[in-house]
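*Asks:* everything below, folded, please.
(chains A and B)
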Amino acid sequence: MSIHARASALLFAMAMLVAAPAPAAEDPALLKDLTAVLMLLGMPCGEVVSARRQADNDHIATCKDGSRYRVFVNAEGRAAAQKL
Amino acid sequence: MRCAAIGLLALAAGCATVVAAPPAPELPSAAPAVTAAPAVTAAPAVIAAPAVIAAPAVIAPTATRPAAPAKAAREAAKPAPAPTLDVAALKERLRSTSACGVFTKLALKNQMDDLLQQFRAQHQSGGASGVSALRQPYDMLVLKVLAVVQDGDPSLARMISGSREAIWGILVDPVKFNALA
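*Replies:* Predicted structure coming up:
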């Protein structure tokens, strides 16, 4: 393999590493909100460390202990949590 | 060639972590139970009453003026004026506070509504003793609200804490309760 080809492969690999999606930036206010609502709903969680938005008022929350909950507003307009 | 291999190895490792990181979306499946706000209380309307916030203690100089402590003691012995409970103001404070987010506010509102519903049912059934059984859920809900609010909005937490008895007084009195609703 020529030096050129090797350099290209390395550059490509490095570019892919750099371009890999970074972990989603978490909004501390949202994490705090999800932590509080899980506490209010009596769900064992402790602290929400990451969250992913699925839709408006619908998030998947991941707790410090690894458990995950779907937190959403249900059809009756109530805040609800569902263990995943 | 070795460089390329190392590069690809690094790439593979990087991809592995990337793939592992985001949790699978998992939409609500049939199995897991859904917990909707168990709601203990409702209407932020119930929680009002600033007023009662602890007044700073009055420390009178003792040695130089003996008359002053006696006067202070007499003042202290007088019954404190009944605290006025501004339900609307407290309601507005709860709505507008940035100490908690939308989900938290909604969950608290659900729980407040549920508790108010229980008070309403008790008043309609005419059982005064039944209302006192709601003291524990009421206290629990107040504690929850305080836990949520106290870090981000200490003054609101003091306001709620100071209004606890006044709010209870409204809730247990059918006339005041109906006037509130």
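
*Asks:* which phi and psi values does residue A:67 adopt?
*Replies:* Backbone torsions of residue A:67, given as degrees, to the nearest 10, read phi -70, psi 150.

*Asks:* contacts only, for it.
*Replies:* Contacts for residue A:67 (CB atoms under 8 Å, 6 or more residues apart in numbering or on different chains) come out as A:44, A:45, A:83. For glycine as for every other residue, the C-beta is placed from the backbone atoms N, C-alpha and C.

*Asks:* just the buried ones from those residues, in ChimeraX syntax?
*Replies:* What follows is the ChimeraX syntax selecting those of these that are buried according to 16 or more other CB atoms under 10 Å in any protein chain shown:
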select /A:45
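
*Asks:* mind putting the contacts of residue A:67 in JSON lines, distance to residue B:110 and pLDDT included?
*Replies:* Supplementary listing: those in JSON lines, determined by distance: CB to CB, whole Å; pLDDT from 0 to 100:
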{"residue": "A:44", "distance to residue B:110": "20", "pLDDT": "93"}
{"residue": "A:45", "distance to residue B:110": "18", "pLDDT": "92"}
{"residue": "A:83", "distance to residue B:110": "19", "pLDDT": "93"}
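
*Asks:* which ones among the contacts of residue A:67 also lie next to chain B?
*Replies:* Of the entries in these, those that also sit close to chain B under the rule CB under 8 Å from any CB of the partner chain are residue A:83.

*Asks:* export the contacts of residue A:67 to JSON lines and append columns for secondary structure.
*Replies:* As requested, the contacts of residue A:67 are arranged in JSON lines below (DSSP: H, G, I helix; E, B strand; the rest coil):
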{"residue": "A:44", "secondary structure": "coil"}
{"residue": "A:45", "secondary structure": "coil"}
{"residue": "A:83", "secondary structure": "strand"}
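
*Asks:* and of the contacts of residue A:67, the nearest to chain B?
*Replies:* Of all the contacts of residue A:67, chain B sits closest to residue A:83, with 4.9 Å by CB to the nearest CB.

*Asks:* wait, the closest one sits on residue A:41?
*Replies:* No: proximity of residue A:83 to residue A:41 does not meet the contact threshold set by CB atoms under 8 Å, at 10.5 Å.

*Asks:* next structured bit after the top helix by length along chain B?
*Replies:* The longest helix of chain B (DSSP state H) is helix B:102-125. Stepping forward along the backbone from helix B:102-125, the first helix or strand reached (DSSP states H and E) is helix B:128-132.

*Asks:* show me what that following helix packs onto, helices and strands only.
*Replies:* helix B:102-125, helix B:154-172 (3 or more CB pairs under 8 Å, 6 or more residues apart in numbering or on different chains; DSSP states H and E).

*Asks:* next, the residues that contact that helix from outside, please.
*Replies:* When contacts are defined by CB under 8 Å, 6+ apart, helix B:128-132 is touched by residues B:119, B:122, B:123, B:171, B:172.
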